[in-house]
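Engineer: output the structure for:
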Amino acid sequence: MKRFILGLMAAVVLLALSAPAAMARDVTLNFKDADIRAFIEFVAGFSGRNFLIDNRVKGKVTIISPSPVSEDAAYAVFLSVLEVNGFAAVQSGTVVKIVPRAEGTQKPLPVAPKAGSQEGDALVTEVIRLKYADASQLMAILRPLVPPNSNLSVYPNGNMLLMTDSAANIQRIREVVKLLDRNEAMGVKVFLLEHASADKVAAALTQLYSGPSQGAMGSVKAMAYQPGNMLIVVAAPQLLSEVVRMVSKLDISPPTDNERLYVRYLKNADAEDVAKVINSLISGQSGGAAAVAGAAPGKSLFTGDVKVVADPATNALLITADAGDRPGLDGLIDKLDIRRLQVLVEALIIEISANGAQQFGMEFRGLSDPNNPTRQVIGGTTFSTNPGGVNINTVAANPLAPGNGIAVGVVQGTISVGGNTFYNLGALLRALETKTDTNVLSTPNILTMDNEEAEIIVGQNVPFLTGTSANAATTTNLFNTVQRQDVGLTLRVTPQISEGDTIRLKIFQEISSVAPTEPNVNASDIITNKRSIKTTVLAADGNIIVLGGLMRDDNTKGVQRVPCIGAVPLLGEPFKFTQNSRTKTNLMVFLKPHIIRSRQDLQGITEDKYRDVQDVYDAQKYEGTILFPQKETPLPENMNPIPKPADAVPPAAPAAPGVTPPMASPQAVPVQP
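Structural biologist: Numbers count the residues shown, from 1 in each chain. A predicted model of the protein is given here:
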């Protein structure tokens with residue numbers, strides 16, 4: 001019995017030890033349009049692995065396998081199914097994550113320790129170290145062999161390739177790299193440069209052969225060795241011959257500044273303005289050429305570097321440019337260096353003022369001797385007038401200075417009041433009528449170039465009191481502070497000539513004057529009149545236009561009378577004083593522009609203006625008297641713009657027989673410009 005129990009226990013132990021071998025069995029994979037999640041569940045059943053499935057893992061699986069395969073082979077088929085459907089299995093501890101293949105390359109994948117250590121479609125990361133070939137150059141060749149969801153990058157410092165892909169594709173890439181990574185893949189060439197700088201040539205070659213378009217042909221490494229001005233180039237054999245030709249073209253003597261510099265003298269335009277316009281076109285460098293602002297990509301105004309500097313003293317342009325750019329620059333300067341038109345602006349300012357006033361009134365009073373102790377009655381009428389005018393009290397104090405107008409009264413002796421003696425004026429009749437006419441005519445003229453502002457000021461600089469400093473103890477004025485301002489005529493105009501002889505005028509015109517002191521105006525200082533116009537108008541050449549004007553008519557009527565009786569017709573006339581005033585002002589401003597196109601136009605206008613001045617000047621010769629004749633002072637002949645007629649050439653005397661007359665020298669005839 002004891003033996004039987006021991007034998008049974010041994011059989012159980014042997015059965016337990018042999019169970020894994022008995023459980024290893026073949027798997028039949030035969031699916032048609034099966035859900036991929038169900039397929040993953042099937043693989044988890046026979047492989048015993050734990051799977052974590054991403055929510056984006058979806059699809060159908062079709063596998064036709066008539067004969068059973070081992071579990072390892074079935075798992076390899078499972079990885080291939082995931083790769084075909086765009087998914088990957090990533091081992092993470094005891095769990096296998098099923099994620100999209102594009103994200104699988106970013107997961108912590110196993111790194112293959114050596115070549116061929118893993119096979120199949122499992123995602124792995126592997127490093128390929130190169131011996132001879134350039135990693136950057138080789139990556140461009142291998143890129144088409146790598147799927148889009150895989151990763152291929154280069155580590156330049158170690159000349160290595162880093163790949164994340166299926167183990168099978170990495171193995172294929174290794175076989176291709178083995179054929180390309182050979183000793184004869186690169187070449188070295190040393191150049192001894194004569195003219196160009198080795199540093200600049202090395203930088204140019206590196207920039208020229210570092211683009212993506214050169215990756216398939218190979219990269220070029222250029223290094224400068226100083227001193228010695230030597231250039232060391234490392235490149236593929238198929239590129240080395242091309243680099244030799246390129247270096248020979250770059251190693252040339254550069255043109256000197258004396259060959260690129262020339263001076264262009266301008267005739268009409270301002271050198272600083274032209275230089276500013278040309279430099280504004282040069283808006284940056286693109287491959288050694290100055291590109292035009294706003295131009296289409298690839299197009300440039302000049303092929304080389306262009307620099308323009310203005311010399312105001314000689315009105316010249318100092319230009320540094322290549323010989324091929326000079327015709328274009330000269331053509332551009334010729335179009336800018338043209339004679340600009342001028343504009344003569346004539347203004348006519350007419351101001352007519354008429355002031356009139358009428359005064360009529362009667363005043364009377366009854367006044368006896370106030371020193372008489374008996375009771376007396378006094379009374380009468382007295383009307384106030386403007387300061388400086390007259391009334392019955394003023395005339396009683398001084399009958400010989402009654403003021404303006406007529407004053408008729410009745411006087412009966414004198415009366416003393418308060419120690420003062422004045423005439424006993426019983427009645428006074430006053431009448432006054434004034435009329436003042438003022439005509440102001442101004443004709444300012446100004447000549448300016450097109451699109452240039454011009455200004456003319458004709459007037460006085462008048463001081464205006466702005467402050468007074470006084471001693472508080474003695475109230476004595478110490479000093480006054482004044483501010484001077486221009487009072488007169490100001491004309492500021494900016495013309496712009498448009499097509500069709502239309503002139504756009506930006507105008508500012510101001511007329512100011514000091515007003516006469518009026519007795520009824522209480523002002524602390526000088527009063528000025530000011531009239532200004534600021535506008536922009538369009539005018540044709542030679543046409544007269546009106547800018548603006550002012551028409552003003554002020555009427556003032558005043559009556560002073562005694563209540564009740566002064567309102568009675570006829571009877572009330574002696575008991576009232578009437579004063580009427582009227583002020584009428586007419587102001588108009590006219591403008592006439594002329595376009596000066598040539599020297600003849602300017603000469604003709606100058607002669608006309610000079611004749612006007614000459615007529616006024618000559619008229620003063622006859623304004624003297626017999627005792628005090630007007631001293632004649634002629635105008636300077638050297639400033640007379642009117643050309644004189646050519647002097648007649650006297651006929652030559654007949655020559656004596658046998659004598660050849662000398663050749664007469666030609667007479668200088670003035671030519672009108």
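
Engineer: the helix or strand harbouring Arg492 pairs with which strands, and in what direction?
Structural biologist: Assessed by DSSP states H and E, Arg492 sits inside strand 477-497. Strand pairing for strand 477-497, using DSSP bridges, gives strand 454-470 (antiparallel), strand 502-514 (antiparallel).

Engineer: now it, how far from the chain's geometric center?
Structural biologist: Taking C-alpha atoms, centre = their mean, to the nearest Å, the mean C-alpha location of strand 477-497 is offset from the chain mean by 31 Å.

Engineer: quick one: buried residues of it?
Structural biologist: Val487, Gly488, Leu489, Thr490, Leu491, Arg492, Val493, Thr494, Pro495, Ile497 (16 or more other C-beta atoms under 10 Å). Every C-beta, even on glycine, is put in place using the N, C-alpha and C of the backbone.

Engineer: residues touching Leu491, list them.
Structural biologist: Residues in contact with Leu491 (C-beta atoms under 8 Å, 6 or more residues apart in numbering) are Val345, Ala347, Pro444, Ile446, Glu455, Ile456, Ile507, Phe508, Gln509.

Engineer: hmm, try it at 6 Å
Structural biologist: By C-beta atoms under 6 Å, 6 or more residues apart in numbering, the contact set of Leu491 is Ala347, Pro444, Ile446, Ile456, Gln509.

Engineer: next: Asn268.
Structural biologist: Asn268 touches Asp337, Ile338, Arg339, counting by C-beta under 6 Å, 6+ apart.

Engineer: change it to 8 Å
Structural biologist: Neighbouring residues of Asn268 by C-beta under 8 Å, 6+ apart: Asp337, Ile338, Arg339, Arg340.

Engineer: and for Leu161?
Structural biologist: Val127, Ile128, Leu130, Ala135, Leu138, Met139, Leu142, Leu152, Ser153, Val154, Tyr155, Val177.

Engineer: in strands, which of these appear?
Structural biologist: If you go by DSSP state E, these have Val127, Ile128, Leu152, Ser153, Val154, Tyr155 in strands.

Engineer: any idea which of the strands paired with strand 477-497 is most buried?
Structural biologist: Of the strands paired with strand 477-497, the one with the most neighbours on average (mean count of other C-beta atoms under 10 Å) is strand 502-514, at a mean of 18.

Engineer: pull the CA atoms of that one into CSV?
Structural biologist: Once non-C-alpha atoms are left out, strand 502-514 reads as follows in CSV (Å, rounded to 0.1, in the frame of the first residue of the first chain):
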residue,chain,number,x,y,z
THR,A,502,-5.5,122.3,-64.2
ILE,A,503,-3.8,123.6,-61.1
ARG,A,504,-4.6,122.4,-57.6
LEU,A,505,-3.8,125.2,-55.2
LYS,A,506,-3.5,124.9,-51.4
ILE,A,507,-3.8,128.4,-50.2
PHE,A,508,-3.6,130.3,-47.0
GLN,A,509,-4.1,134.0,-47.1
GLU,A,510,-4.3,136.4,-44.2
ILE,A,511,-4.9,140.2,-44.0
SER,A,512,-4.4,141.9,-40.7
SER,A,513,-4.2,145.6,-39.7
VAL,A,514,-4.2,147.8,-36.7
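
Engineer: quick one: distance of that strand to the chain centre.
Structural biologist: Offset of strand 502-514 from its chain centre (C-alpha atoms, centre = their mean): 27 Å.

Engineer: quick one: secondary structure of the residue sitting nearest the centre point of the chain?
Structural biologist: In the chain, the C-alpha nearest the mean C-alpha coordinate belongs to Ser280, at 12.2 Å (C-alpha atoms, centre = their mean). In three-state terms, and counting by DSSP: H, G, I helix; E, B strand; the rest coil, Ser280 is helix.

Engineer: sheet partners, orientation included, of the helix or strand in which Thr585 is found?
Structural biologist: Secondary structure assignment for Thr585, by DSSP H and E: strand 576-596. Counting by DSSP bridges, the strands paired with strand 576-596 are strand 342-366 (antiparallel), strand 545-561 (antiparallel).

Engineer: in it, what counts as buried?
Structural biologist: Of the residues in strand 576-596, 576-579, 585, 587, 589-596 count as buried by neighbour count, 16+ other C-beta under 10 Å.

Engineer: ok, now stretch 29-46?
Structural biologist: Neighbour-count burial for stretch 29-46 flags Leu29, Phe31, Ile36, Phe39, Ile40, Phe42, Val43 (criterion: 16+ other C-beta under 10 Å).

Engineer: again, but for stretch 167-182
Structural biologist: Quick answer for stretch 167-182 (16+ other C-beta under 10 Å): Ala167, Asn169, Ile170, Gln171, Ile173, Val177, Asp181.

Engineer: roughly how far does the third one sit from Leu142?
Structural biologist: Computed as C-beta to C-beta, to the nearest Å, the Ile170 to Leu142 distance reads 11 Å.

Engineer: what of the second one?
Structural biologist: Per C-beta to C-beta, Asn169 is found 11 Å from Leu142.

Engineer: same check, this time on the fifth one
Structural biologist: Using C-beta to C-beta, Ile173 is found at 6 Å from Leu142.

Engineer: and the gap between the nearest residue to Pro68 once chain neighbours are set aside and Ser65?
Structural biologist: Leaving out its chain neighbours, the residue that sits closest to Pro68 by C-beta to C-beta, 6 or more residues apart in numbering is Asp26, at 3.5 Å. For Asp26, the distance to Ser65 (C-beta to C-beta) stands at 10 Å.

Engineer: mark which of the ones in strands among the contacts of Leu161 are buried, thanks.
Structural biologist: Neighbour counting by 16+ other C-beta under 10 Å classes Ile128, Leu152, Val154 among these as buried.

Engineer: my read is that the first one contacts Val176, right?
Structural biologist: It stands for Ile128. No: when contacts are counted by C-beta atoms under 8 Å, Ile128 is not listed as touching Val176 (10.3 Å).

Engineer: so where does the nearest residue to Lys60 once chain neighbours are set aside fall, helix or strand?
Structural biologist: Here the nearest residue to Lys60 in space, its sequence neighbours aside, is Asp33; by C-beta to C-beta, 6+ apart that works out to 4.9 Å. Using DSSP H and E, Asp33 falls within strand 30-35.

Engineer: average model confidence for stretch 480-500?
Structural biologist: Mean per-residue pLDDT for stretch 480-500: 86.

Engineer: now that stretch, how far from the chain's geometric center?
Structural biologist: Its chain's C-alpha centre and that of stretch 480-500 lie 26 Å apart, by C-alpha atoms, centre = their mean.

Engineer: which of the three states applies to Asp305?
Structural biologist: What three-state DSSP gives for Asp305 is coil.

Engineer: in the protein, where's the longest helix?
Structural biologist: Using DSSP state H, we find that the single longest helix of the chain is helix 599-619.

Engineer: beta-bridge partners for Ile282, please?
Structural biologist: Per DSSP bridges, the residues bridged to Ile282 are Val292.
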